[in-house]
Structures are given as structure tokens and as C-alpha cells.
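Visitor: only the shape, not the letters, is given here:
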């Protein structure tokens, strides 16, 4: 006997170890979703991508230092050579060349040009003929390149890129709140499935008890065969409903477990959340916070600037004039010291012009397309803003109305439960029919489900408002994040 007890205890311990039970509140579910769900990871990856794009833009504003070198280049071949009489011949080359240069390049934000400062040294050694060595140095050269009519890309990037990154930050915060909304849906689906199982178990227990009572009454001739068969049918329906709801519970538990990246052996038991007192929200105040914090305002501003940039680019491509100027000093000699003493002035100026004389209207057509696209974009932005404001108005009305819906659902649940319990006792003494009892049961079950659904909508609207306005109404402050800490591993 003791051996059997030991084996049973071992099996129970093993089963408990394999299946961990975890009670989850709504707040705990939301925190887990924000920390370890795949949706949260995707939102963070999108933020990192935007961050690096912004870093690339910022790096483009700073001076760029480049080192170029050829160490060495050896050439032994024939090349063509033109004689003084105009005829050509081939001469043999046999030399080695090495060169190196260091340059600092900086874009000029105000004009869109490029300014560079460079120094270089070239070395040439001949292996045929007089076998001489030559050095050429450029100790200092200052070069400026400026497009005259072209678009100033640096100026436009300074306007667009900060807005793009601010949009990405706001989108990350909204995405985090969207993760919360998904967590709410999965949590309440599981909670409703669990409540359906509890309802089905209670209904089965009540149906079996009533059927037992009805059998005794049937033997005494108090109730008819029809009522007895109806109660038996209720038992069978209750068993089928319990099996179906248990399957739904497992499915919803698996979904929430996968969303939260939890162990597959963990059994989640959701705890019914409560509401808290919230003020009545005013549409104008919610709209102001949304326009101030939501990513849509940054998105609309960025797209409007990008449309203007496309028009400016198309206009700049109508004609092209580039100015390049260089001043500096250089020297050459057979020895390294001679390449730096004496030094000569070095000036270089080039003005390049590209004006299409006949392109069959391609460039002007592109300009008109860009202008038309800008008008289309302006119209779409206006429609999106109107839709955004309309959605906020509807959401505010739904949330303000939801508190009253919650109060009605709670009272209806209480009344339906009391009515059903009263009808059960009344049926036992034979004063109501099975139809009335079934109707009370259906009303009780529906009232309970409605209460949970209304509670879900309450939290759904609450966090939807948070995601749109990025405002914590409970603590009366902006929703923000420590972006430096989130990106510190980059």
C-alpha cells in the first residue's frame, strides 16, 4: 500500500512540475506584452532602423575625412605616342608610381555646395631611359563646388529628416500602446472562454440536479414525460456545451501564451479586472493632445515637405550650372625636398553649363507631374486629417458612454443571476415550466457574457485613447520613453 502511495505522489509531483499554473491580472499581461511579445520587438526594430537612418543624416552634416593611397602601381607596357609631324608610334613604359592624399570635405548647408581641403604627394620612378625619380606635392588645395540652380539637398534634408525621426519616435510609442490593445483582446478572449467554461459547468451541475429531482417527481406523477425528456435534453446539451467551451478555452490560452512568449506548459488563469473612476473626456482637449503628440501630424508634415522637395528637384533639373573653383600650392622635383621648395601657386576654375535646347518637354513635363502629385498629396492629407478627427470624436463618445454601459451590464448580470436562482427553486416545487427555466438560464448566461464584453470595451477604449493621444490620463502626463536607454546597445 505504501508503495502505491509513493508512486501516486511521484506522478502528482511530476504532473505539477510539467504544468505550471500562473494567475495573470490585466496589468501583468500588459507589462509582459510590452516587454517580451514579438509585436513589441518589431516596434523596437522599426525604431532602431529609423534611428540609424537619422544617424546617417546627422553624419552627413559633419566633415568627412578621407585617405586615398596607391602603394604601389607598376606599369610595363606599350602606349601610343604622337610625334611632332602628326604621326603615331608606340613607346614602351616601365615605371612605378605611388601616391597618397588626405582630404577633409564639408557640405555647405546654406548653399548646397561642397567645400574640401586636401593635401597629396605623388612619386614616380622610371626603370628605363634616364631612370630618374620625380616627386610632385600639393601641400594645400582648397576646392569649392557649387550648383547654381540645382536643389539644395542639404537644406531639405535638415527640414525633413528631424521630422521623420520624431515621427518614428511617436510611432514607436503608439505601437507600444497598440501592443497593449492586442494584449487586452487576447486577455479578455481567454477570460470570456474561462467564464463560459464555468457557466457550462454550473449549467451541467444544475441540469443534472434538476433531472434527478424530475425523475423522482415523474415517478410520483407530478411532471409529464415531456418535461422529463426536456430536462434530459438539457443535460445532454450542457455536456456538449462544456466540451465545446473547454476546447475554446484551450485555444484562447494557447493564443495568449504564444503572444506573451510563455512556456507552452503554463496554464494561465486570468483574473477579472476592475474599472476605476475616470473623468468625462472632452473632444477638443483630446484632439489637441492628439495633434500635439500623435505621429500622424509628423507624418502629414513630412509628406507635405517631401512633395515640395520633389517639385523643387524637378524645377532645378530644368537647367544645370555647376561652378568648381580650386586654389592652392604645389611643387615638383627629383628629390622630396625639391617638391616642397619652392612652391608654386595653383588655381583652377571651371564653370559647367547644361541647358537642354530640345528635350521635347520632358523636364517641364516632370515638373508638372511633380506639381500635380503635390496637389494630390495635399488633398489626401486633408482627407486623412478629417478622418483622424472624426475617429477621435467617435472614440471619445464611445468611451464616455461606456461607463454607463458598464453600470447597466453589472446590474443586469446581478438581476439575471438572482432570477435564475429563484426560478430553479421555483421549478423544484413545480410552479414554473422547463421553458421558463431555460429562458432564465439563457438570460443569466448572456448577461454574464455581456458584462465581460462591456468591461473589455471599457479597457479597449481607454488604451485606444492613450495610443492616439500619447497621454496618460490617469497620471495626467505625456507618455514617453527613454530612447537613449532603448538604443544604448546599438
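Guide: That came through fine. Here the structure is a predicted model, which is why all the values come from computation and not from measurement.
Visitor: tell me the secondary structure for residue 263?
Guide: Going by DSSP: H, G, I helix; E, B strand; the rest coil, the secondary structure assigned to residue 263 is coil.
Visitor: what's the burial count for it?
Guide: Other residues within reach of residue 263, judged by other C-beta atoms under 10 Å, total 10. Every C-beta, even on glycine, is put in place using the N, C-alpha and C of the backbone.
Visitor: contact partners for it?
Guide: 20, 257 (C-beta atoms under 8 Å, 6 or more residues apart in numbering).
Visitor: next one: it from residue 183, what distance?
Guide: Distance, residue 263 to residue 183, using C-beta to C-beta, to the nearest Å: 18 Å.
Visitor: got a list of what residue 115 touches?
Guide: 105-108, 142-144.
Visitor: give the bridge partners for it, please.
Guide: Note on residue 115: beta-bridge partners by DSSP bridges are residue 106, residue 144.
Visitor: so for it, what's the pLDDT?
Guide: At residue 115, the model reports a pLDDT of 91.
Visitor: go on, residue 145?
Guide: Looking at residue 145, its pLDDT reads 87.
Visitor: swap in the one 3 residues further on?
Guide: Here, the pLDDT recorded for residue 148 equals 82.
Visitor: can you pull the phi and psi angles for it?
Guide: The phi/psi pair for residue 148 (degrees, to the nearest 10) reads phi -80, psi -50.
Visitor: find the nearest non-adjacent residue to it, please.
Guide: Among residues not flanking residue 148 along the chain, residue 321 sits closest, at 3.9 Å (C-beta to C-beta, 6 or more residues apart in numbering).
Visitor: same deal with residue 137?
Guide: Leaving out its chain neighbours, the residue that sits closest to residue 137 by C-beta to C-beta, 6+ apart is residue 339, at 4.1 Å.
Visitor: could you do residue 150 as well?
Guide: Nearest residue to residue 150, sequence neighbours excluded (C-beta to C-beta, 6+ apart): residue 316, at 4.4 Å.
Visitor: residues in contact with that neighbour?
Guide: 147, 149-151.
Visitor: buried ones only from those residues, please, as a ChimeraX command.
Guide: Only the buried entries of the contacts of residue 316 go into this ChimeraX selection, using 16 or more other C-beta atoms under 10 Å:
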select :147,150,151
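Visitor: just checking, which of the contacts of residue 316 belong to strands?
Guide: Among these, the members falling in strands are residue 147 (criterion: DSSP state E).
Visitor: out of the contacts of residue 316, the closest to residue 325 would be?
Guide: Set against residue 325, the nearest of these by C-beta to C-beta is residue 147 (13.2 Å).
Visitor: ok, that closest one touching residue 319?
Guide: No - between residue 147 and residue 319 there is no contact under C-beta atoms under 8 Å: 10.6 Å.
Visitor: do you have the strands of the stretch 101-250 of the chain handy? List them.
Guide: Secondary structure of the stretch 101-250 of the chain, counting by DSSP state E, counting those that start in this stretch: strands at 114-126, 133-147.
Visitor: okay if I get the ones you listed as a markdown table plus distance to residue 470?
Guide: Formatted as a markdown table, those follow (distance: least, C-beta to C-beta, whole Å):
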| stretch | distance to residue 470 |
| --- | --- |
| strand 114-126 | 40 |
| strand 133-147 | 41 |
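Visitor: could you list the low-pLDDT ranges of the protein?
Guide: Low-confidence segments of the chain, defined by pLDDT under 70: 1-19, 276, 348-356, 358, 430, 489-490.
Visitor: is residue 93 in a helix, a strand, or coil?
Guide: Applying three-state DSSP: residue 93 is strand.
Visitor: from here on, call the first residue 115.
Guide: Happy to do that; since the first residue is 115 now, the last one works out to residue 207.
Visitor: of all the strands of the stretch 215-364 of the chain, which one comes closest to residue 580?
Guide: Per C-beta to C-beta, nearest to residue 580 of those: strand 228-240, 46.5 Å.
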